[in-house]
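In: Fold the stuff below for me.
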Amino acid sequence: MRKIYGKNSIISRQRFNDIAKEIFRKSIHVCSAFIPFLLKYLYWQVLSALALVTLIYCTAELMRLNGKNVPFISDITAAAARKRDENRFVLGPVTLSVGIMLTALLFNPLPASIGIYSLAFGDGLASLSGKLFGKVVLPFTFGKTVAGSLTCFTAIFISSFLVCHNATVALSLACIGMFIEVLPLKDFDNVVIPLIIAFSAQKLLGAGA
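Out: As a prediction, the model looks like this:
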């Protein structure tokens, strides 16, 4: 009985740690929702800052892999890293930054904002919801859950509608985003989601969007 209790305690502690890491990781995702607002007033400054931060992060990660931790940056990386990232270059922050920069550069402000919000809220809340409430796993999706997919759909629909004020377009974008989210893209969904959503939004809303 004591062994079973001890095992359950370890599992509970591991689950708590996993959820804590996911909350920390996805809080970074959600914070990227401030970027469309900043881009309105400081477009090139924001993009330059993102590029610089990405370069600094990549340098710090390479140093960490060679046994030289960089204060603050390496600590944040360790706190946010998933189990699959152990002893590897943690790619998530890089793809997040690259996805945002490419979306801002390639598309008009309104569809770019929709794409970035979809990344911040749709992808950001989906995995957290899946961790907390995901009981039913979708077949052939490598662990994606119904709760996560529905959260992604809802978050993209609401954020898109608040930007474009078009329920039909928002519904279409939410369906597209939910489909992308269930694909086994790992960290590269940070690039694919905002680009595809922004591209779709620009097409659906017209060239003047």
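
In: mind listing the strands in this protein by residue range?
Out: Under the criterion DSSP state E, the chain contains no strands.

In: Could you list the low-confidence segments of it?
Out: Along the chain, segments meeting pLDDT under 70 span 1-18, 78-86, 134, 140-141, 207-209.

In: got the residue ranges for the helices in it?
Out: All helices of the chain, identified by DSSP state H, fall at 2-31, 35-41, 43-65, 73-80, 92-106, 109-117, 124-133, 146-164, 167-181, 189-205.

In: Which secondary structure elements does the last one sit against?
Out: Which is helix 189-205. Using 3 or more C-beta pairs under 8 Å, 6 or more residues apart in numbering; DSSP states H and E as the contact definition, the elements that helix 189-205 packs against are helix 92-106, helix 109-117, helix 146-164, helix 167-181. For glycine as for every other residue, the C-beta is placed from the backbone atoms N, C-alpha and C.

In: returning to what we had before: return the most buried member of the helices of the chain.
Out: Most buried of the helices of the chain by mean neighbour count (mean count of other C-beta atoms under 10 Å) is helix 109-117; its value is a mean of 25.

In: rewinding a little: could you say which one of the helices and strands packed on helix 189-205 comes nearest to residue 36?
Out: Relative to residue 36, the nearest member of the helices and strands packed on helix 189-205 by C-beta to C-beta is helix 109-117, separated by 3.9 Å.

In: burial measure for residue 32, as a count.
Out: Residue neighbour count, defined by other C-beta atoms under 10 Å, stands at 22 for residue 32.
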